[in-house]
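> fold the following.
(chains A and B)
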Number of protein chains: 2
Amino acid sequence: MHTPPPLSDAETAQLDAHWRAMNYLSACQLYLRDNPLLREPLRAEHVKPRLLGHWGSAPGLGLVYTHLNRAIRTHGLEAMGIWGPGHGAPAVLAGAWLEGTFGELEPARRRDAEGMLSLFRDFSQPGGLPSHTAPDVPGSIQEGGELGYALAHAYGAAFDNPDLLVCAVVGDGEAETGPLAAAWHSNKFLDPVHDGAVLPVLHLNGYKIANPTVLARLPEDELDALLRGYGYDPLHVTAHPDTPPAETHRALAGAFDVALERIGRYQREARARAGDAVHRPRWPMLVLRTPKGWTGPAEVEGVPVEDTWRSHQIPLTGVREDPARLRQLENWLRSYGPQELFDEEGRPEEQVLACVPEGERRLGATPHANGGRLLRELPLPALEPHAVDVERHGHTSHEPTRVLGGALTELFSDTQERRDFRLFGPDETASNHLDGVFDVTSRGWQAQTLKTDEHLGPQGRVLEVLSEHMCQGWLEGYLLTGRHGLFGTYEAFAHIVASMAGQHVKWLQSSREVPWRRPLASLNYLLTSHAWRQDHNGFSHQDPGFIDHIMNKSPQVVRVYLPPDANTLLCVADHVLRTRDTVNVVVAGKQQCFDWLSLEEARGHCERGLGVWDWAGTEAPDGEPDVVLACAGDVPTQETLAAASLLREHLPQLAVRVVNVVDIARLLPRTEHPHGLPDAEFDAVFTRDKPVIFAYHGYPWLVHRLAYRRAVHDSLHVRGYKESGATTTPFDMVMRNDMDRYRLVMDVIDRTPGLPVRATGVRQAMEDVRIRHHSWIREHGTDLPEVAEWSWSAASG
Amino acid sequence: MHTPPPLSDAETAQLDAHWRAMNYLSACQLYLRDNPLLREPLRAEHVKPRLLGHWGSAPGLGLVYTHLNRAIRTHGLEAMGIWGPGHGAPAVLAGAWLEGTFGELEPARRRDAEGMLSLFRDFSQPGGLPSHTAPDVPGSIQEGGELGYALAHAYGAAFDNPDLLVCAVVGDGEAETGPLAAAWHSNKFLDPVHDGAVLPVLHLNGYKIANPTVLARLPEDELDALLRGYGYDPLHVTAHPDTPPAETHRALAGAFDVALERIGRYQREARARAGDAVHRPRWPMLVLRTPKGWTGPAEVEGVPVEDTWRSHQIPLTGVREDPARLRQLENWLRSYGPQELFDEEGRPEEQVLACVPEGERRLGATPHANGGRLLRELPLPALEPHAVDVERHGHTSHEPTRVLGGALTELFSDTQERRDFRLFGPDETASNHLDGVFDVTSRGWQAQTLKTDEHLGPQGRVLEVLSEHMCQGWLEGYLLTGRHGLFGTYEAFAHIVASMAGQHVKWLQSSREVPWRRPLASLNYLLTSHAWRQDHNGFSHQDPGFIDHIMNKSPQVVRVYLPPDANTLLCVADHVLRTRDTVNVVVAGKQQCFDWLSLEEARGHCERGLGVWDWAGTEAPDGEPDVVLACAGDVPTQETLAAASLLREHLPQLAVRVVNVVDIARLLPRTEHPHGLPDAEFDAVFTRDKPVIFAYHGYPWLVHRLAYRRAVHDSLHVRGYKESGATTTPFDMVMRNDMDRYRLVMDVIDRTPGLPVRATGVRQAMEDVRIRHHSWIREHGTDLPEVAEWSWSAASG
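Residues are numbered from 1 along each chain as shown, chains lettered A, B, ... in the order given. Presented below is the predicted three-dimensional model:
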């Protein structure tokens, strides 16, 4: 690759024609419902009755779209765009329509006057095209509604895509958000050998909704220092309202050329170098200053609009009512010269399309922005070699996440060449006992290393940074471009990305309704270091509410799994890595946990999602139980099994059924969730009227909200985490939240009619242990020996 | 203020003695349960059986504590510390114990051997002292469990505290988070005239849990550029494991002196200048590089520990079991020279205390870190002048938030001198129709201004930045230091700060159990631009789930209000601004909304939290209704009232009761929430067995989860938002989610027994309108005229 010569006048004119067409199409989306080519004078009835949409960032985004087109052609690039500025859809839709990709995906958007009109009419109309770059927008992988994730998405797209350039436009509004501010540092994790490149374009148009932006009001040297401090080498391009467009085109094309030449050079150098020597390039980036609402109305009724926040939404209102404003709109739209841009049929002139790349190189056509087109099945390992041997239920124990780590190690090994699976997390892979994977890969790291460092390497496929936002954003970008991944994090801190998770669910839900969007690998969370085992960390690390947040979202998309032991975790992980277009939350412990099920049993159990553990109960083979002990989650399962063994010992005549729930959506009616269990099956497991004592991992009322339509609901009693936390021992935690084995036995006694008289004594004995616990822990700081040493094998003989 | 002379050898020795005492006390908290002064040889039984806690950042934090002490004395400062690094509690507890404040607050922590032992024993033990700087830690206003908020808290504390210096230690782990990365820019919002100063200390100890940190591995010039780009003038102090402590003390004291001299100068200059001329100082900050776990074990069994991530938690384990390790621990602890630091009774020697300030200048004693001590009642305005006249229910309409804006304007005016109330938001004060406040204040802004700017000013008390994290963090810091505030934001994007909100609830819940913590002004959210009115923005802006998140948290702390109109919003706002130690979520619309209640009615209604609107129903004065129409939220209330008017028209014999709920916690049993309504009162309102059709603002299952224990629950049918969203009209939104008036009438007909035969025809008529809506909106893109033009007055005559 060499640096192309400066723009010729002809090429400048071509770029300007494309940009004018972009601006014309963007503006018309906001205003017109007829007369799309302005072949006749603009009349009030050509204008939409309700003006909705945003103009402010469209001209700047359009400018980048134009120049990225040229760069793709000139440099022979495979590239995609990330369109960060909120409400940027008009420009991106305009680009996709102009290059023809929109019409190829949806015939109604074809490249003629009628297709143009459909674009204008449907924009921001009920059920029509969105004003953000939602899944309906070709070439987009990120919703522009909630700001902050453009850079993380861009880096996620670039990882393991060595031939791809991701051009990420970052608005100066978005740049104020925390996630964006952190994500600049993603360049410390980008491997110039195995990853593609990210070219950030910081677009300073100066204003948010009603305010200037911080970065636009910094002295240029201060901004320049900031970006250099973030590790970039910024190229500044500045346009004022009166800057001749040709000058801006020359400057911007030149900046793109310099940046792309450097990127190519850094990649060639890194790829030519042998081995692991780290040399982190100072990657180029562009700082593009253009007026907000550039080329739009300079003033309205004497009030400045262009280059102020007043361009943010509709810069010129009251157009249907006021003939002078209608003329101003017409003059504005005609200023782009639509008659030079489109022929009689509304097809773009050759001049307009000269900069547009061909085929899948077009920004709206790149398969990277419709990642399902590139997705391959993962070569998931057989589980048998990783599974734990369970000859007798609950006689051994393992750390479930460590067992999973074994399978993930094999998966990393088997994808060494393909490089389409990654693990993301905030510095917790080792802490969460998944560090087995470091046998075959390392943590990706491009900054300085010291001889005392371990498991750091430039090619590592585990990405760790102490920013849940970056982890989530990278993973989203990675998945949206057709790869696979897993995000392992502390349960409580999943809330940090609650909003991002909700937006990803919305993206997937909306994508399902866009016929040309192909299914993606699901977004998988492994939430570990959970609420019940925060011996060091206490109250601030105890929050199981991410499950509740997710379960509120579209049932087509959301799944929550609570595997109770190592083998069930293996089966659940295997399952979620095969799913498409869902968000799967898996909650599993990293501490020693009894092995309840063999691999074969675990497979069947996970398949069913819930089931009776008849080996743990005391009911007759064909009988009905007197009481059901249900559980979901590893700690609740242990307490439930311990309660079952206490009941077996103290009230052997009582017919106890033990039910374990792995897939929490099974509790919902079938009408509410695709995993919902039909009522008849549910009743067969839980009964219609027997007392059900349910020990649940999270906030207990979630179980009520899921099961309130079930026949048995009036007899359902749920124990769970109720914000009674502290820095304390595992058993003290379940005691504080009334989910301990003794409390569960007391619940059974309190709620089961017709118990023998001695049940009162049993209840008192349980109460006595609980009281004894309180003094023991005060004195010893440890759990009662009978709890610490308990095992199912010892209890059940 | 002048620059003090360089440290004398005597002063250096004093500082070192204090620091050694800090380190000794920190290390002993992790290890010892006896022999606190090491007056006898260390034996295994002196060591805790279960070693919990974190050593890594303690020496660095201790060093800053020592030098901040000196700076307070030397410069006559009023100062407080923000201790960002997670798990930093040992150092801060050590400092508070040494200076005597801990013993003054809690006699058990008195400054002698016994108090010292209580500190050691209780640290990280069940029910004892936390390993983060939780509310139990004197002098702390921020929990170090979830990282990212140190700087935002520091700036929040400094706003409107012109005489305060807030020294904020930022760990290099925390510095990777998004919220922290954004918060550096808080200096563009800090007024050198009316605000105090923030002195950030970026503490680079190089490692997180198991990884190096990004910032510690940047070349110094790159890091320096980053911090200059953030607007600071960094002073670098670097210590290696073999740097003599005296050298570090001299360098750090010198850096503090330079920084404080500059801060003083900038403040004097700004305060001397007249008027509004903006000159943003390049505030100083410190970059302090020290080894992780400095002064701890250099190696353990030949493996490097000091200056590596292995110092993060317990650097030396197995101490009770291995005599060699026990000796290593003893040597380590003795290396601080405890016999020189403490007298026979365990009281610190004079040398150790020489740098400690006196009285309330001590870091553990400053009232700013126990803000309730400084809190004053707000001069809340009378509501009458701001209330809307309502002579007849629902005959006029207003924008509720605009009406509230009037009252807030008066409040801003009445606190002009006190400056203890602020409004925070992400660039949405105007968009949310609260811009009336700009009549009396402006947006605080210290960066460049242009002549086209409006409502920007250096002294402004509205803080807007496009980072919900910064808004929340600033507000928390402001409240925790004894002031008042309100955070106005888009409902959907409140999830961005879900985790922060949860942590603040935990802080308040824990504070209630700390006897010396005084009540704080509550954290108040105004969530507007809510799910039902996102005509421009669509699906990505529709998420009412923040309510669910909050309602999961400690009932002592959380409150949610859904005022249905302008006057109820006024009453709710007046109430929440008077409350203490709670987190109040107020959801209110900014669009035109019918005025249902007069101010007097609104007062009574909000007092009760829910109530029957008899003027809207059709039941006989002393009768029982046939059906209850319940509602919560502005849009559900409108649809419910419209349904009631349809029923009045079409089924006039049906006795309909209309119930409106403002305080959602009223639905919970009294045992579950202090606002829960006793069953008898609940049943009197909702009946025990009549059909209840409940139109609710958010996810409908929340109402089920709150009310599942009520007698009427089996007859409860809830409509609400069920993730069926789009860019569409207001009425189409309620249609899509089956919460429209016609659907509600159909629900009544479907669920009420004994209706006259013609009810079938009425149901069909309702269904017909719904079908008509579908074709109308496809054709016109607007709501049905009969809906758009509906009003209660027209319907009820």
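> what does the stretch 451-600 of chain A put close to chain B?
Within reach of chain B by C-beta under 8 Å from any C-beta of the partner chain, the stretch 451-600 of chain A has these residues: A:452-453, A:456, A:464-470, A:492-493, A:495-496, A:498-499, A:502-503, A:506, A:509-510, A:535-541, A:543, A:545, A:548-549, A:552-554. To be clear about C-beta, it is placed using only N, CA and C from the backbone, and glycine gets the same treatment.
> packing partners for the longest helix anywhere in chain A?
Longest helix in chain A, counting residues (DSSP state H): helix A:245-272. With contacts taken as 3 or more C-beta pairs under 8 Å, 6 or more residues apart in numbering or on different chains; DSSP states H and E, helix A:245-272 sits against helix A:9-31, helix A:58-75, strand A:197-204, strand A:232-238, strand A:283-289.
> my read: residue A:110 touches residue A:117, true?
No. Residue A:110 is not in contact with residue A:117 according to C-beta atoms under 8 Å; the separation is 10.7 Å.
> where in the stretch 151-300 of chain A is pLDDT low?
Along the stretch 151-300 of chain A, the model assigns pLDDT under 70 to residues A:274-278.
> up against chain B, what does it have?
For the stretch 151-300 of chain A, the residues in contact with chain B (C-beta under 8 Å from any C-beta) are A:173-174, A:176-185, A:188, A:208-214, A:217-219, A:222-231.
> filter the residues you listed down to just the ones in helices.
A:178-183, A:222-229.
> out of those residues, which is nearest to residue B:330?
Set against residue B:330, the nearest of these by C-beta to C-beta is residue A:182 (42.7 Å).
> ranking the helices and strands packed on helix A:245-272 by burial, who's on top?
Highest mean neighbour count among those (mean count of other C-beta atoms under 10 Å in any protein chain shown): strand A:197-204, with a mean of 27.
> could you export that one as PDB, CA atoms only?
Taking C-alpha atoms only, strand A:197-204 is exported to PDB below (Å, rounded to 0.1, in the frame of the first residue of the first chain):
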ATOM      1  CA  ALA A 197      -7.600  -2.300  13.000                       C
ATOM      2  CA  VAL A 198      -9.900   0.300  14.500                       C
ATOM      3  CA  LEU A 199      -9.900   3.800  13.100                       C
ATOM      4  CA  PRO A 200     -11.700   6.000  15.600                       C
ATOM      5  CA  VAL A 201     -13.200   9.200  14.200                       C
ATOM      6  CA  LEU A 202     -14.000  11.600  17.000                       C
ATOM      7  CA  HIS A 203     -16.700  13.700  15.500                       C
ATOM      8  CA  LEU A 204     -16.900  17.000  17.300                       C
END
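> tell me the SS of the nearest residue to residue A:468 once chain neighbours are set aside?
The shortest distance from residue A:468 to any non-neighbouring residue, by C-beta to C-beta, 6 or more residues apart in numbering or on different chains, is to residue A:496 (4.2 Å). Of the three states, residue A:496 takes helix under DSSP: H, G, I helix; E, B strand; the rest coil.
> assess the claim that residue A:496 and residue B:499 are in contact.
Yes. Assessed by C-beta under 8 Å, residue A:496 is found in contact with residue B:499 at 4.6 Å.
> find residues that contact each of the two.
residue B:146 (C-beta atoms under 8 Å, 6 or more residues apart in numbering or on different chains).
> more crowded one of those two?
The residue with more neighbours, out of residue A:496 and residue B:499, is residue A:496; 33 against 28, by other C-beta atoms under 10 Å in any protein chain shown.
> and the pLDDT at that one?
At residue A:496, the predicted lDDT confidence score is 97.
> ok, back up a step: the inter-axis angle of the longest helix of chain A versus strand A:283-289?
Interaxial angle of helix A:245-272 relative to strand A:283-289 (axes from the mean of the first three to the mean of the last three C-alpha atoms, to 10 degrees): 170 degrees.
> so what's the closest residue to chain B within the stretch 451-600 of chain A closest to, chain neighbours aside?
Residue of the stretch 451-600 of chain A nearest chain B, by C-beta to the nearest C-beta: residue A:540 (2.9 Å). Nearest non-adjacent residue to residue A:540, counting by C-beta to C-beta, 6+ apart: residue B:145, 2.9 Å away.
> near the one you found, how many other residues are there?
For residue B:145, the number of neighbouring residues by other C-beta under 10 Å comes to 25.
> who's in contact with it?
Going by C-beta under 8 Å, 6+ apart, residue B:145 touches A:537-541, B:86, B:132, B:134, B:503.
> what does residue A:737 give?
By C-beta under 8 Å, 6+ apart, the neighbours of residue A:737 are A:719-722, A:724.
> pull out the buried residues from those residues.
Among the contacts of residue A:737, the ones that count as buried by 16 or more other C-beta atoms under 10 Å in any protein chain shown are A:719-722.
> out of those, which sit inside strands?
When the buried ones among the contacts of residue A:737 are checked against strands (DSSP state E), the matches are residue A:719.
> so for stretch A:668-688, mean pLDDT?
Mean predicted confidence for stretch A:668-688 is 97.
> what's next to that stretch, contact-wise?
A:555-556, A:559, A:609-612, A:624-625, A:628, A:630, A:657, A:659, A:663, A:665-667, A:692, A:706-707, A:709-712.
> for it, how far is the first residue from the last?
Distance between the two ends of stretch A:668-688: 15 Å, counting by C-alpha to C-alpha, to the nearest Å.
> kindly report the same for stretch A:449-465.
Counting by C-alpha to C-alpha, you get 15 Å between the two ends of stretch A:449-465.
> now stretch A:423-442
For stretch A:423-442, the first-to-last residue distance is 10 Å (C-alpha to C-alpha).
> return the distance of stretch A:627-646 from the chain's centre.
Centre-to-centre, stretch A:627-646 and its host chain are 33 Å apart (C-alpha atoms, centre = their mean, to the nearest Å).
> tell me where the stretch 301-450 of chain A has helices.
Under the criterion DSSP state H, counting those that start in this stretch, the stretch 301-450 of chain A contains helices at A:323-334, A:338-341, A:350-353, A:400-414.
> tell me what the second one is packed against?
Contact analysis of helix A:338-341 by 3+ C-beta pairs under 8 Å, 6+ apart lists helix A:9-31, helix A:350-353 as its packing neighbours.
> wait, which of those helices is closest to chain B?
Nearest of the helices and strands packed on helix A:338-341 to chain B, taken as C-beta to the nearest C-beta: helix A:9-31 at 11.1 Å.
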